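Q: please work out how this folds:
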Amino acid sequence: MNIKITSGENIMQETEEPSVKITEELNKDIENLALNIRGFIKSQISGFKKKGAVLGVSGGIDSAVALTLCVQELGKEHVYGLILPEKESAPSSKVLGAEICESLGVAYEEVPISPIVESLNIYEKKEQVIKRACPEYDPAIHKTSLIFPDFLDQELLNVPYIRLIKDGETVGKYRLKANDYLELIGLQGVKQRSRMIVQYMYAEKMNYAVCGTTNKTEVALGQFVKYGDGGVDLEPLADCYKTQIYALGKHLNINDEIMRRPPSADTWSHYTTDEEFYWRMPMHIMDQLLYSQEHDLPPGVISENTDLSTDKIEKALKHIRRIKNTTEYIRAVPPVYYLNR
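A: Predicted structure coming up:
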């Protein structure tokens with residue numbers, strides 16, 4: 001509460017402290033943010049003594065923003081794009097990836113990772129797990145996605161489900177056992193790790209650094225694969241919430257189709273958004289909650305920004321803390337044992 005003396009009076013009056021507008025705070029001074037990230041990219045590439053940067057280009061907003069900033073700072077001749085589809089990727093991913101590379105004049109190459117994934121029998125193993133959970137599953141007619149119940153509407157436990165889709169319609173939803181869920185996560189992680197193998201193969205051949213595209217929302221929630229999309233040389237977006245990535249995209253004039261595309265890891269045959277799987281709530285709500293935790297904002301301010309009840313805010317923040325705790329090992333640097341210390 002701020003205290004002030006009214007002019008001409010000796011009376012102390014209380015005035016309410018201005019409310020914090022979280023989204024406005026996140027999105028302010030985006031032009032300067034872009035310049036600072038560009039400077040970070042340049043200093044890291046120079047410090048590594050590399051000639052440029054390799055990026056995996058997915059057709060999503062994160063890689064589009066990272067690619068654009070790299071081109072602006074390093075020049076298009078020092079940036080190389082890799083489009084790394086597999087047979088369960090959405091067709092639009094490689095189309096949009098190619099479009100953003102071409103619009104920036106960046107040399108790029110499409111390197112399908114399906115042969116790597118198939119060599120480890122990942123698709124067949126995945127089908128076996130899904131069939132255990134979903135007896136009616138037929139890979140010839142069904143697409144699949146892994147989802148969690150919406151947290152804000154249902155406030156349910158972290159119970160994962162496999163969803164079967166036929167002709168664009170959901171025809172079944174089956175709860176996964178813990179062991180089946182863990183196996184599926186392990187199998188899916190092979191895709192991101194395969195992509196990183198390819199990126200480093202090209203980066204080392206060209207004497208380039210591998211530039212990551214993970215944002216702050218993903219870092220906070222452990223929403224990346226260790227030694228997959230998390231195994232890079234530099235992470236220029238890792239201190240930018242997803243909300244800020246979209247603001248950067250608007251500032252950088254990123255393709256409208258990419259801007260409108262729902263964020264996704266794009267590793268399931270049915271396009272599964274991050275809101276359905278990782279966040280369990282709308283992106284703007286998740287970012288405001290994470291920002292509130294970071295800045296220790298009171299429940300009243302959070303409620304004013306999110307339109308959530310105090311009870312729902314308390315449960316959501318507890319849910320986020322639990323996610324952070326269980327994914328701490330993903331963010332951690334591997335412990336090293338030292339002799340004689």
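
Q: in the stretch 151-300 of the chain, which spans are helices?
A: 151-154, 178-206, 216-221, 242-251, 256-260, 274, 283-295, 299-306 (DSSP state H, counting those that start in this stretch).

Q: in the fourth one, what counts as buried?
A: Meaning helix 242-251. Across helix 242-251, burial judged by 16 or more other CB atoms under 10 Å covers 242-249. (C-beta placed from N, C-alpha, C; glycine too.)

Q: so it versus helix 283-295, what angle?
A: In terms of direction (axes from the mean of the first three to the mean of the last three CA atoms, to 10 degrees), helix 242-251 departs from helix 283-295 by 120 degrees.

Q: closest to the centroid, which residue in the protein?
A: By CA atoms, centre = their mean, the chain has its centre lying nearest to Glu218, at 4.6 Å.

Q: and it, what is it in contact with?
A: 224, 242, 278 (CB atoms under 8 Å, 6 or more residues apart in numbering).

Q: distance to Lys131 and pLDDT added to these, as TSV?
A: Shown next, in TSV, are these (distance: CB to CB, whole Å; pLDDT from 0 to 100):
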residue	distance to Lys131	pLDDT
Phe224	28	93
Lys242	34	96
Tyr278	25	78
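
Q: of those residues, closest to Ile285?
A: Lys242 (11.2 Å; CB to CB).

Q: quickly note the distance from Tyr337 to Thr310.
A: 46 Å (CB to CB, to the nearest Å).

Q: quick revisit: give me the pLDDT for the residue nearest to the centre of the chain.
A: Looking at Glu218, its pLDDT is 94.

Q: could you measure from it over to Arg331?
A: 10 Å.

Q: also Ala220?
A: 9 Å.

Q: between those two, what contacts are shared?
A: In contact with both Ala220 and Arg331: no residue, using CB under 8 Å, 6+ apart.

Q: okay, these two: which has more neighbours?
A: Neighbour tally, Ala220 and Arg331, criterion other CB atoms under 10 Å: the higher count belongs to Ala220, 21 against 14.

Q: flag the shaky bits of the stretch 151-300 of the chain, pLDDT-wise.
A: Along the stretch 151-300 of the chain, the model assigns pLDDT under 70 to residues 153-157.

Q: sorry, slip of the keys, the one I care about is the stretch 1-150 of the chain.
A: For the stretch 1-150 of the chain, the ranges with pLDDT under 70 are 1-18.

Q: quick one: the strands in it, in order.
A: Using DSSP state E, counting those that start in this stretch, the strands of the stretch 1-150 of the chain run over 2-5, 12-15, 53-56, 79-83, 107-110, 143-147.

Q: neighbour-wise, which of Tyr337 and Thr310 wins?
A: Thr310 (11 against 5).

Q: isn't that one right up against Pro299?
A: Yes. Thr310 lies in contact with Pro299 (CB atoms under 8 Å); the separation is 5.0 Å.

Q: between the buried residues of helix 242-251, which is closest to Leu182?
A: Among these, Lys242 lies closest to Leu182 (CB to CB), at 26.1 Å.

Q: who touches the closest one in this structure?
A: Going by CB under 8 Å, 6+ apart, Lys242 touches 215-218, 263, 283, 286-287.

Q: farthest pair within those?
A: Spatially, the most separated pair among those is Lys216 and Pro263, at 13.3 Å (CB to CB).

Q: re the thing from before, okay, the helices of the stretch 151-300 of the chain in CSV with distance to Lys143 next?
A: Listed next are the helices of the stretch 151-300 of the chain as CSV, based on distance: least, CB to CB, whole Å:
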stretch, distance to Lys143
helix 151-154, 24
helix 178-206, 15
helix 216-221, 24
helix 242-251, 25
helix 256-260, 21
helix 274, 18
helix 283-295, 23
helix 299-306, 33
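
Q: Ala90: which of these is closest?
A: Of the helices of the stretch 151-300 of the chain, nearest to Ala90 by CB to CB is helix 256-260, at 12.3 Å.

Q: contacting residues around that closest one?
A: So helix 256-260 is contacted by 59-61, 64, 96, 100, 246, 249-250 (CB under 8 Å, 6+ apart).

Q: chain center to stretch 109-118, what's the gap?
A: 22 Å (CA atoms, centre = their mean, to the nearest Å).

Q: which positions within that stretch qualify as buried?
A: For stretch 109-118, by 16+ other CB under 10 Å, it's 111, 113-114, 116-117.

Q: neighbour-wise, which one of the contacts of Lys242 leads?
A: Going by other CB under 10 Å, Asn215 tops the contacts of Lys242 with 28 neighbours.

Q: tell me how far that one lies from Tyr278.
A: 12 Å.

Q: same deal with Ala98?
A: Counting by CB to CB, the gap from Ala98 to Tyr278 is 26 Å.

Q: these two: which has the busier surroundings?
A: Tyr278 (20 against 16).
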